[in-house]
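> Please find the sequence and the predicted model below.
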Amino acid sequence: MSGRPSGTSKSSLVEHGRGATCLQETCRDTIEQSKSCGQYPGPAVQQKGENIMTEHLNQKIGRRRFIGTAATAGLMIIKPELVRGTSANSAVRVGLLGCGGRGTTDATDLVNTGSARVVALADLFDDQLQASKKHFDELGQSKGHPGVDASQMFKGPKAYQQIAASKEVDAIVVATPPYFHPSHLEAAVAAGKHVYCEKPVAVDVHGAKQVIETGKKAEGKISLDVGFQIRNAPPFVELTQRIHGGALGKIACCQAYYYTSAIDRPAWLDASPVERRIRNWVYDRVLSGDILVEQNIHVVDVCNWVLQGHPLKATATGGRKVRIDSGDCWDHFEVLFTYPDDVHVSLNSTQFDKGWWDVCERFFGSKGVSEAHYDRPVRITGDDPWEWDAGGGQTQEKPGQFSTTGVFKGALDQADPEKKKAFAESILSGKFHNQAALGAESALSAMMGRRAAYTEREVTWEELLRSDEAWDARIDLDKLA
Ligand SMILES: NC(=O)c1ccc[n+]([C@@H]2O[C@H](COP(=O)([O-])OP(=O)(O)OC[C@H]3O[C@@H](n4cnc5c(N)ncnc54)[C@H](O)[C@@H]3O)[C@@H](O)[C@H]2O)c1
């Protein structure tokens, strides 16, 4: 079995030969093999492409009422009494796929909305599963929910298919390493489950196109959210509304940056090389997408949100200079994106800083300047000044402490709770979200910057999509079992 099974649709996936065989075979078509034992995600071959992003990519909300939709889709997703809101015991039954740091946060947030409980867990590794069961059993107990039943614990390479097939589950949180997201998302949607899929939705162009196709199948039938929680952070929402309302006048350019510390993970010295790669996927270019696509994507997503579209081209550089102890990811990127109307966005990032971090976007317009930090301030200076009133909000307890699970203090305090509340409500109301194309658009934008940096030349959106770049981790998960 391959590490990333092929899709089931007649999309370009099939045309390009990513069958359900060992990816080692297909990599001959897609990865430049000469670089460092195939781990280097080299330039993809040029494939016949299509401009898939010309259609409207804003968040679409399914308008059909829940019961009607569930009936036409042949799904029994939530108990009817839950829809009417009359049963105190009803809740969205959540399955967590990928029981690590972020998945635990996501599923806990969902439970804390009061509208969900965790009923199933899936992971490659037993230790992750058991730790997660302990956490969610304790959480469930504190809320008066039963613990996770032994029959709903799924382990190993097929765990993602088993949790998707579970009749006990209404919604799946996909929080596995990014490389697996397209196939894990596809399996969940094919099984009729609502999905909260962590960012990035894919590590390569091929995967992003797969996610777009999966999104089309989900439309109107289930709710599909992508983990860009900043879009739900009240200070960022108000700032963006003000910018869209003209508070900055004509926007010329933006300075965006994501400066943070190295991500600290256990070394897993006793694990096999393959297991170590998966345990520490965040250091691995193919499994993570590299820091630009895996982490800095939050900033790219905010730029796309504010500028209401995606960049048209990018030039970039970067490298691997300081954080060289593990894996093969770069530790800094410098990207210059050009958006429609010739708006320029310079994005700088580092992932090795000591004692300090900051993440921010500053937009410069004819009427003023906006700046939005993860912590604070979030404000506009100029003709129409405004500043988010932090009120009783706390700043980071220890300066330089950065959250790898996405839990922040400050301007993002409410981001996760609001995001999860909106996801749960979309399921309960039947006003389904479909953020697949939007998630793919931000992933592709970051990939364009990454490709420009790796190749050290300008890359356009059309070229990126034509490339159909597909990365191969060359991992046979069955050998881990
Ligand atoms: N939105 C945010 O702010 C935010 C913050 C942190 C992480 N994330 C994203 O969340 C995802 C997970 O990150 P994390 O930090 O929790 O990683 P993690 O390593 O802590 O957790 C990943 C889990 O997936 C499991 N896993 C790996 N391969 C698997 C497979 N093929 N099938 C089933 N399980 C598998 C691992 O054993 C592990 O338990 C990533 O996409 C990351 O980018 C988002």
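Sure, I can see it.

> Model confidence for the nearest residue to Gly319 once chain neighbours are set aside, exactly?
Among residues not flanking Gly319 along the chain, Trp330 sits closest, at 5.8 Å (CB to CB, 6 or more residues apart in numbering). The C-beta positions use only the backbone N, C-alpha and C, and glycine is treated the same way. On the pLDDT scale, Trp330 is placed at 98.

> what's the answer for Pro80, then?
With respect to pLDDT, Pro80 scores 39.

> related to what we said a few turns ago, could you measure from the residue nearest to Gly319 over to the ligand?
16 Å (CB to the nearest ligand atom, to the nearest Å).

> Name the residues of the protein found near the ligand, please.
Taking CB under 6 Å from any ligand atom, the part of the chain that reaches the ligand is made up of 98-103, 122-125, 128, 159-160, 175-178, 180, 198-199, 227, 229, 278, 294, 404-406, 477.

> For the protein, which helix extends over the most residues?
Longest helix of the chain, by residue count under DSSP state H: helix 436-455.

> Off-centre distance for the helix or strand that that one is followed by?
As assigned by DSSP states H and E, the chain's next helix or strand after helix 436-455 is strand 459-460. Relative to its chain's centre, strand 459-460 lies at 23 Å (CA atoms, centre = their mean, to the nearest Å).

> just checking, what packs against strand 459-460?
strand 313-319, helix 436-455 (3 or more CB pairs under 8 Å, 6 or more residues apart in numbering; DSSP states H and E).

> which residues sit in contact with the nearest residue to Leu110 once chain neighbours are set aside?
Leaving aside its chain neighbours, Leu110 sits nearest to Ala116 (4.1 Å; criterion: CB to CB, 6+ apart). When contacts are counted by CB atoms under 8 Å, 6 or more residues apart in numbering, Ala116 touches 91-94, 110, 171, 424.

> Next up, phi/psi of Ala116, please.
When read as degrees, to the nearest 10, the backbone of Ala116 gives phi -150, psi 150.

> same deal with His332?
phi -160, psi 150.

> didn't it look like it was pressed against Thr350?
Yes - applying CB atoms under 8 Å as the test, His332 and Thr350 come out as touching, 4.6 Å apart.

> Quick check: the residue nearest to Val369 when sequence neighbours are not counted vs Ala256, distance?
In space, and not counting its chain neighbours, Val369 is closest to Thr381: 5.4 Å by CB to CB, 6+ apart. Computed as CB to CB, to the nearest Å, the Thr381 to Ala256 distance reads 17 Å.

> How about Ser346?
7 Å.

> Below-threshold pLDDT in the stretch 251-400 of the chain: ranges please.
The model of the stretch 251-400 of the chain has pLDDT under 70 over residues 391-400.

> Helices of that one, start to end?
273-279, 285-288, 290-294, 297-307 (DSSP state H, counting those that start in this stretch).

> Burial check on Glu458, number of neighbours?
14 (other CB atoms under 10 Å).

> ok so, going back, ok, the residue nearest to Val369 touching Gly365?
No - between Thr381 and Gly365 there is no contact under CB under 8 Å: 10.8 Å.

> Same drill for those two, tell me which one is more crowded.
Each of Thr381 and Gly365 has its neighbours counted (other CB under 10 Å); Gly365 has more, 21 against 13.

> Where does the closest residue to that one other than its chain neighbours sit: helix, strand or coil?
The spatial neighbour of Gly365 that comes closest, neighbours along the chain excluded (CB to CB, 6+ apart), is Leu248 at 2.9 Å. Classification of Leu248 by DSSP: H, G, I helix; E, B strand; the rest coil places it in coil.

> show me what contacts Leu248?
Counting by CB under 8 Å, 6+ apart, Leu248 has contacts 363-370, 380, 382.

> Next up, phi/psi of it, please.
Here Leu248 shows phi and psi, under degrees, to the nearest 10, equal to phi -100, psi 0.

> Quick check: beta-bridge partners of the residue nearest to Leu110?
Val92 (DSSP bridges).

> Can you give me the neighbour number for Ala120?
24.

> How about Thr317?
Applying other CB under 10 Å, we find 14 residues neighbouring Thr317.

> so it touches Arg457, yeah?
No - the criterion here is CB under 8 Å, and Thr317 misses it with Arg457 at 10.3 Å.

> Setting the sequence-adjacent residues aside, check what's closest to the residue of the stretch 201-350 of the chain found nearest the ligand.
The ligand sits closest to Gly227 of the stretch 201-350 of the chain, with a gap of 4.0 Å, by CB to the nearest ligand atom. Nearest residue to Gly227 in three dimensions, chain neighbours excluded: Glu198, at 4.2 Å (CB to CB, 6+ apart).

> Report the contact partners of that neighbour.
Counting by CB under 8 Å, 6+ apart, Glu198 has contacts 98, 102-103, 106, 173-175, 178, 181, 226-227.

> ok, now how distant is it from Ile291?
With CB to CB as the criterion, Glu198 and Ile291 are 16 Å apart.

> ok so, going back, pick the most buried one from the helices of the stretch 251-400 of the chain.
helix 290-294 (a mean of 29; mean count of other CB atoms under 10 Å).

> neighbours of Ala164, just the number please.
Ala164, neighbours per other CB under 10 Å, totals 26.

> Could you list the domains of the protein?
10-15+232-411+443-467, 36-228+424-434 (automatic domain parsing).

> so which of the ones you listed gets nearest Pro417?
Nearest to Pro417, of all the domains of the chain, is domain 36-228+424-434, at 6.1 Å by CB to CB.

> Out of the contacts of Ala116, which comes closest to Asp468?
Nearest member of those to Asp468, counting by CB to CB, is Ala171, at 30.8 Å.

> so that closest one touches Ser426, yeah?
No - Ala171 is beyond contact range of Ser426, at 10.1 Å (criterion: CB under 8 Å).

> now, which of the contacts of Glu198 lie within helices?
Reading helices off the contacts of Glu198 with DSSP H, I get 102-103, 106, 181.

> Need the max-distance pair from those residues.
Top of the distance list for the ones in helices among the contacts of Glu198 (CB to CB): Asp106 and His181, 13.5 Å.

> Neighbour count: those two, which is higher?
The neighbour count for Asp106 versus His181, taken as other CB under 10 Å, is higher for His181 (30 against 27).

> and Gln210, what element?
Assigned by DSSP H and E, Gln210 belongs to helix 205-218.

> now, which of the contacts of Glu198 sits nearest Leu438?
Distances from Leu438 to the contacts of Glu198, taken by CB to CB, are shortest for Val226, at 6.6 Å.

> Please name the residues that touch the closest residue to the closest one other than its chain neighbours.
In space, Val226 comes closest to Gly439 once its chain neighbours are excluded; the distance is 3.3 Å by CB to CB, 6+ apart. Shown in contact with Gly439 (CB under 8 Å, 6+ apart): 197, 199-201, 211, 226, 228.
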